[in-house]
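A.B. asks: give the three-dimensional model of this entry:
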Amino acid sequence: MHRHLTFVAVLLACPLAQGVAQTPPPAVPRAADAAFFAEDWAKAKPLFDEFIKAHPTSAGGHVKAGYVELGLGNPVAAIAHFQSVVRTAPASGAPVAEAGIAMAFARQGKHVEALASLERAGRRATPLCRAGS
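C.D. replies: Residues are numbered from 1 along each chain as shown. Now for the predicted structure:
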């Protein structure tokens, strides 16, 4: 799972991949982030569930909640979080969310769908990275 988080970090490194919102998005609580980066999925899940309940449009919250669900072996729940990001933050969060969807499909053995999502992630990330260069 650690190498998957590295892939996510690379996508987030594109300057525009974080979006250009007028108002800063709500910050994920430190305890949730700490559990996420420690890959303590069982501890992170209720923290992200609570955060998402309070901030249902938080792209960052949904992305991390999706990876938490993947860590817990719940690819269907992960896809729901990632699809929320694709719908609500298509310009900024979609590359990372599509990569997450690809991993969730792969975990289900849906390799054609996984490849399609990974290709969408690459297409969506490329213009963002070029624009930020």
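
A.B. asks: leaving out chain neighbours, which residue sits closest to residue 100?
C.D. replies: residue 82 (4.3 Å; C-beta to C-beta, 6 or more residues apart in numbering). C-beta coordinates here come from the backbone N, C-alpha and C atoms, glycine included.

A.B. asks: same question, residue 121
C.D. replies: residue 98 is the one closest to residue 121 (C-beta to C-beta, 6+ apart), at 3.6 Å.

A.B. asks: which elements pack onto the top helix by length along the chain?
C.D. replies: The longest helix of the chain (DSSP state H) is helix 111-131. Packing partners of helix 111-131 (3 or more C-beta pairs under 8 Å, 6 or more residues apart in numbering; DSSP states H and E): helix 94-107.

A.B. asks: next one: residue 83 from residue 53, what distance?
C.D. replies: Residue 83 sits 18 Å away from residue 53, going by C-beta to C-beta, to the nearest Å.

A.B. asks: neighbour count for the two, which is higher?
C.D. replies: residue 83 (17 against 9; other C-beta atoms under 10 Å).

A.B. asks: does the more buried one touch residue 101 like I think?
C.D. replies: Yes. The criterion here is C-beta atoms under 8 Å, and residue 83 meets it with residue 101 at 7.0 Å.

A.B. asks: what segments of this protein are helices?
C.D. replies: Using DSSP H, helices in the chain cover 2-12, 30-37, 41-54, 59-71, 75-88, 94-107, 111-131.

A.B. asks: any weak-confidence spans in the chain?
C.D. replies: The chain contains residues with pLDDT under 70 at 1-23, 126-133.
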